[in-house]
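1. Sequence and predicted model, in that order:
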Amino acid sequence: MKTFFYWIVIILVFFILFLYIIGYNSGLCKINKKYTCEKKFCLYKQFSFYFPANISKDLQKLIQNKRIQKRVNVQTFPETILNCALPNKKGVAITCQSILDITPQVISFYQNELCQYISKLINVQLYPTELKIPTCCCIIIYEKEGDWINWHYDYNYYKGRFFTVLIPISNNMTCTEFQLMDNNNNVKSIHLLNHNSIVFEGNYLYHRATKLCENQKRILLSCQFVTDNNISDWDRFRSKLRDFAFTGKISIRN
C-alpha cells in the first residue's frame with residue numbers, strides 16, 4: 001500500500017513539473033522579464049484610432065457573415081495553479097484567410113496604412129506578418145457570457161520583435177477588459193472602447209481579456225507586426241500548433 005502511495009506521489013510530482021515546463025515555455029506562467037524601454041514606447045501604448053469609412057463598412061460585412069466565424073472553447077479547471085494560468089479561451093474568430101477571401105482591402109489596409117501608422121506611432125519600423133498565419137490580421141468576437149482568454153504571454157516565433165495591435169470595432173461598455181500585470185503583480189485594466197486602442201509587445205507583457213457578461217458583445221480587430229518576419233522551420237511548426245488552438249484547424253496554405 002505504501003509503495004502504491006509513493007508511486008502516486010511521484011507521478012503527481014512529475015505531472016506538476018511537466019505542467020510547469022509547458023507553462024513556462026508556452027507563455028502561460030508569470031515571469032519577471034527584463035525589458036528596455038524606448039523614448040516613444042515602453043511595453044504598450046494606448047492611442048485613439050478611427051477606421052476609414054470603407055474599412056469600417058467592410059468590417060461590418062465580415063461580422064455579419066456567420067459562415068466564416070469559428071468558435072473556440074478551451075476550458076480547464078482550475079484556471080490557475082500558483083503563478084501559472086492554465087489554457088482557457090472562449091470566443092469567436094474570423095481568420096486572416098477568411099478576411100482575405102471576402103474583403104482583401106482590409107488586409108491591404110493592415111499591410112500598408114495601419115503598418116505605417118503604428119510604425120510612426122512607436123518609432124519602430126514594422127512589417128506585417130505572413131498572411132498564411134490565421135492571427136496576422138483577424139477579428140475577435142466575444143458574444144457569449146464567459147467569453148474570455150486567460151493570462152498569457154504572446155510567444156514570439158519570429159527573429160525580430162513582435163507586436164500586437166487591438167482596435168475596437170464595437171464601442172459599447174462591457175465586462176470584458178484588456179488587463180495587464182506588471183512585475184510586481186499589479187493588475188491594470190484598459191477599456192478598449194470609444195476608439196481607444198492599444199499596441200503592445202506581448203511576449204514581454206502578461207495580459208488577458210476578462211470574462212464577458214450576459215447579453216453583451218465585444219468585437220476587436222487584432223493585427224500583428226514584426227521588425228523581422230523571418231521564422232525558422234521549427235518555430236513555423238510550433239506556430240501551426242498555436243493556430244490550431246486559436247482556430248481549431250492547422251493552416252496548410254503556402
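-> On my side now, so go ahead.
2. can we go C-alpha only for contacts and neighbour counts from here?
-> OK.
3. What are the boundaries of the strands in the protein?
-> Counting by DSSP state E, one finds strands in the chain at the ranges 44-48, 70-74, 80-81, 84-85, 89-94, 127-128, 137-142, 148-152, 162-168, 178-181, 187-190, 196-200, 206-209, 218-226.
4. To residue 8, which of those lies closest?
-> Closest approach to residue 8 among the strands of the chain (C-alpha to C-alpha): strand 80-81, 19.4 Å.
5. who touches that closest one?
-> residue 86 (C-alpha atoms under 8 Å, 6 or more residues apart in numbering).
6. Distance to residue 31 added to the strands of the chain, as a markdown table?
-> Formatted as a markdown table, the strands of the chain follow (distance: least, C-alpha to C-alpha, whole Å):
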| stretch | distance to residue 31 |
| --- | --- |
| strand 44-48 | 17 |
| strand 70-74 | 23 |
| strand 80-81 | 14 |
| strand 84-85 | 9 |
| strand 89-94 | 21 |
| strand 127-128 | 28 |
| strand 137-142 | 26 |
| strand 148-152 | 10 |
| strand 162-168 | 18 |
| strand 178-181 | 10 |
| strand 187-190 | 14 |
| strand 196-200 | 17 |
| strand 206-209 | 8 |
| strand 218-226 | 22 |
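7. is it possible to export the ones you listed to CSV including mean neighbour count, mean pLDDT and distance to residue 56?
-> CSV is the format used below for these (neighbours: other C-alpha atoms under 10 Å; pLDDT from 0 to 100; distance: least, C-alpha to C-alpha, whole Å):
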stretch, mean neighbour count, mean pLDDT, distance to residue 56
strand 44-48, 14, 98, 15
strand 70-74, 16, 93, 21
strand 80-81, 14, 88, 37
strand 84-85, 19, 90, 35
strand 89-94, 24, 96, 15
strand 127-128, 22, 98, 20
strand 137-142, 25, 98, 12
strand 148-152, 24, 96, 24
strand 162-168, 23, 98, 11
strand 178-181, 18, 97, 22
strand 187-190, 14, 97, 23
strand 196-200, 21, 98, 15
strand 206-209, 23, 98, 23
strand 218-226, 23, 98, 11
